[in-house]
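*Asks:* Predicted model and sequence follow; I will ask about them next.
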Amino acid sequence: MPRETCNTCLRPPNVCYCSALVSLTSTIKVVIIQHPQEEKHPFNTGRMAHLCLSNSEMMIAESLSTHQLNTLLCTPSALLYPSLEWLPDSGELNSNNHQSNKTSSKQAPVKQLIVLDATWKKSKKILHLNPQLQRLPRINLGGGLKSNYEIRKTSVADGLSTIESIAMAMQLLEGNNNFLKLLAPFEKMVELQQKSFTFEPA
């Protein structure tokens with residue numbers, strides 16, 4: 001018999017975080033490209049961010065068609081993804097400098113933030129399969145980052161969950177709304193999951 005789950009967050013009732021969901025508006029649209037393996041993951045923070053952001057879109061795919069990419073990139077976009085080397089048209093955001101944006105003055109302002117929701121290994125594959133995404137200006141997060149994602153480990157030092165990355169990037173990009181409120185359901189999920197791991201000794 002299938003286990004009972006919430007229709008919104010897709011989590012079992014005892015770890016449902018929906019009571020902590022928020023509703024936030026934004027000028028910049030957030031497009032989350034989620035790897036298919038993340039869709040069913042119990043700690044799916046990309047879906048969580050999508051549920052909280054009214055101006056957002058979720059795409060489940062590893063490889064997008066040419067038509068999908070052309071349609072998506074009609075809007076001036078930036079990719080929330082670290083650069084291994086400095087790119088002339090990259091922007092770097094960190095907690096110490098709210099608008100350290102070094103994008104070219106000839107470029108249109110960013111109206112869309114594209115986020116890859118996947119493990120680091122799978123996100124690299126998404127970039128490899130979608131070369132048009134590789135050419136986008138990139139937004140990097142820096143400044144001594146520390147994740148609260150204690151229930152899921154990452155192989156990357158200072159790595160953040162998808163929702164933590166989006167919250168920080170949008171807070172710094174727009175600066176006119178408290179996007180850190182996005183972390184409320186995330187913190188609720190972590191708290192509930194940690195409690196579910198706790199049990200009385202036999």
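*Replies:* Great, that's in hand.
*Asks:* ok but Val115 is inside a helix, no?
*Replies:* No: the assignment for Val115 (DSSP: H, G, I helix; E, B strand; the rest coil) gives strand, which keeps it out of a helix.
*Asks:* which residues sit in contact with it?
*Replies:* With C-beta atoms under 8 Å, 6 or more residues apart in numbering as the criterion, the residues that contact Val115 are Val30, Val31, Ile32, Ile33, Gly46, Ala49, Leu79, Leu80, Thr162, Ser165, Ile166. (Each C-beta comes from the backbone N, C-alpha and C, glycine too.)
*Asks:* Check those residues and tell me the two furthest apart.
*Replies:* Farthest-apart pair in the contacts of Val115 is Ala49 and Leu79; separation 15.8 Å (C-beta to C-beta).
*Asks:* out of the contacts of Val115, which are inside strands?
*Replies:* Cross-referencing the contacts of Val115 with the strands (criterion: DSSP state E) gives Val30, Val31, Ile32, Ile33, Leu79, Leu80 as the overlap.
*Asks:* one step back: higher neighbour count, Ala49 and Leu79?
*Replies:* Neighbour count, other C-beta atoms under 10 Å: between Ala49 and Leu79, Ala49 has more, with 28 against 24.
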